[in-house]
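Q: only geometry, no sequence info:
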């Protein structure tokens, strides 16, 4: 891979095929050639794509097409926001509500998108929106804004890994704005501490769900691990340690990689699988051994950062194996962008390039980080 060139090509694929300058925002349901096969819009990707184009403009290239796209995405966000301040999950092409979910991830992605757009443009409205979306997500996280529980709390109460890790990442993005640093520094520390102290990391894996007192729950839900999430959390945690001088956090991230890589990496066929059970019992997820695009990206970032921090050749090997795997199986050299979904044997499951969950985020984020690492030898510029 030539990370800078590959980033430009991936972003051009989405600029050419996904941007909707008539209604605003972006379409992500694109087939292999980039043709739109569905006009429902993912609200996750209005915020995620806003972050991607703004970040690429800020740290890679002052390309006016990136800011043009970001402006369209930014101006579309209010249509994706309900009267209660919560965001929808999907909307129509022109921004009418289709679906609203219990999760607050739409708000976190809108917050990081607005924060990065503010850094690119100085638009005070973007700063205000970033804080408003963060506040809504935080209130959902703490329970001040009530969301429908996934599992009946009278029967079982669980704490999930993914909301904590996404709040850490969102806090990091908000803190990168100089005038907000003092406000969001303690919030980033709060979520870092929760990841490190709550009991998610065990000798057998970094589980997705634990009991409210940090105990392991001996059920399919309690034993499940998501290797992609774990690698993502590992580099979030290590980068937080790097930024704040917290050596314990850096070591904690290393431990996540050391525990999870053997569980997630397919030794026979290569690639990071989607789910596993820490007790080697059958995972409930039928797609458990599929290879998705984003866990490969997170593995590359985590392994390369670990090699940078520790100098251990095993992390370099992890990074190079993941890189070679993506080059061989995921990158579509004929039509551009990456496939999203492979079977366990690396055959293509579907040729789509985007859907409600896949769009311009994980791949561009990885390419941006790798380009910065190639050119500076450090991740610090990524967090500016």
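A: Right, received. Where do you want to start? Just so we're clear, the structure is a prediction, and the values are computed from it rather than from any experiment.

Q: what about the strands in the stretch 251-384 of the chain?
A: Applying DSSP state E, counting those that start in this stretch to the stretch 251-384 of the chain gives strands spanning 276-277, 291-292, 341-342, 348-350.

Q: for the second one, what is the distance to the chain centroid?
A: Spelled out, it's strand 291-292. How far strand 291-292 lies from its chain's middle: 15 Å, per C-alpha atoms, centre = their mean, to the nearest Å.

Q: give me the contact list for that strand.
A: 228, 266, 271-274, 329, 340-344, 346 (C-beta atoms under 8 Å, 6 or more residues apart in numbering). Glycine gets a C-beta too; all of them are placed from N, C-alpha and C.

Q: in PyMOL, select just the buried ones from these.
A: Selection of the buried residues among these in PyMOL, burial being defined by 16 or more other C-beta atoms under 10 Å:
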select buried, resi 228+271+272+273+274+329+340+341+342+344
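
Q: in CSV: the contacts of strand 291-292, plus pLDDT and distance to residue 140.
A: As requested, the contacts of strand 291-292 are exported to CSV (pLDDT from 0 to 100; distance: C-beta to C-beta, whole Å):
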residue, pLDDT, distance to residue 140
228, 98, 23
266, 98, 35
271, 98, 34
272, 98, 29
273, 98, 30
274, 98, 26
329, 98, 37
340, 98, 28
341, 98, 29
342, 98, 34
343, 98, 36
344, 97, 35
346, 98, 38
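
Q: what's the closest of the contacts of strand 291-292 to residue 297?
A: Proximity to residue 297 was ranked across these by C-beta to C-beta; first place goes to residue 228, at 8.4 Å.

Q: which residue ranges of the stretch 1-150 of the chain form helices?
A: 3-17, 43-59, 64-76, 105-121, 124-142 (DSSP state H, counting those that start in this stretch).

Q: columns distance to residue 172 and mean pLDDT on top of the ones you listed, output as TSV?
A: Shown next, in TSV, are these (distance: least, C-beta to C-beta, whole Å; pLDDT from 0 to 100):
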stretch	distance to residue 172	mean pLDDT
helix 3-17	21	98
helix 43-59	12	98
helix 64-76	20	98
helix 105-121	9	98
helix 124-142	12	98
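
Q: make JSON lines out of these and add mean neighbour count and distance to residue 83.
A: Below are the helices of the stretch 1-150 of the chain laid out as JSON lines (neighbours: other C-beta atoms under 10 Å; distance: least, C-beta to C-beta, whole Å):
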{"stretch": "helix 3-17", "mean neighbour count": "18", "distance to residue 83": "30"}
{"stretch": "helix 43-59", "mean neighbour count": "27", "distance to residue 83": "15"}
{"stretch": "helix 64-76", "mean neighbour count": "20", "distance to residue 83": "17"}
{"stretch": "helix 105-121", "mean neighbour count": "26", "distance to residue 83": "14"}
{"stretch": "helix 124-142", "mean neighbour count": "19", "distance to residue 83": "12"}
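
Q: out of these, which is closest to residue 214?
A: Checked against C-beta to C-beta, the stretch from the helices of the stretch 1-150 of the chain lying closest is helix 124-142, at 17.6 Å.

Q: what does that closest one rub up against?
A: Here helix 124-142 makes contact (C-beta under 8 Å, 6+ apart) with 47, 74, 77, 85-87, 104, 107-108, 110-115, 117-118, 145, 147, 163, 167, 170-171, 174, 177, 180, 187.

Q: which parts of the stretch 101-250 of the chain are strands?
A: 158-160, 201-202, 205-206, 209-211, 224-225.

Q: out of those, deepest packed?
A: strand 205-206 (a mean of 24; mean count of other C-beta atoms under 10 Å).

Q: could you give the separation of it from the chain centroid?
A: Between the centre of strand 205-206 and the centre of its chain there are 19 Å (C-alpha atoms, centre = their mean).

Q: next, the buried residues of stretch 147-158.
A: So, applying 16+ other C-beta under 10 Å, buried residues of stretch 147-158: residue 158.

Q: what are the structural domain limits within the protein?
A: Annotated domains of the chain cover 1-148, 153-353 [automatic domain parsing].

Q: including distance to residue 374, could these go into JSON lines?
A: Converted to JSON lines, the domains of the chain look like this (distance: least, C-beta to C-beta, whole Å):
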{"stretch": "domain 1-148", "distance to residue 374": "6"}
{"stretch": "domain 153-353", "distance to residue 374": "10"}
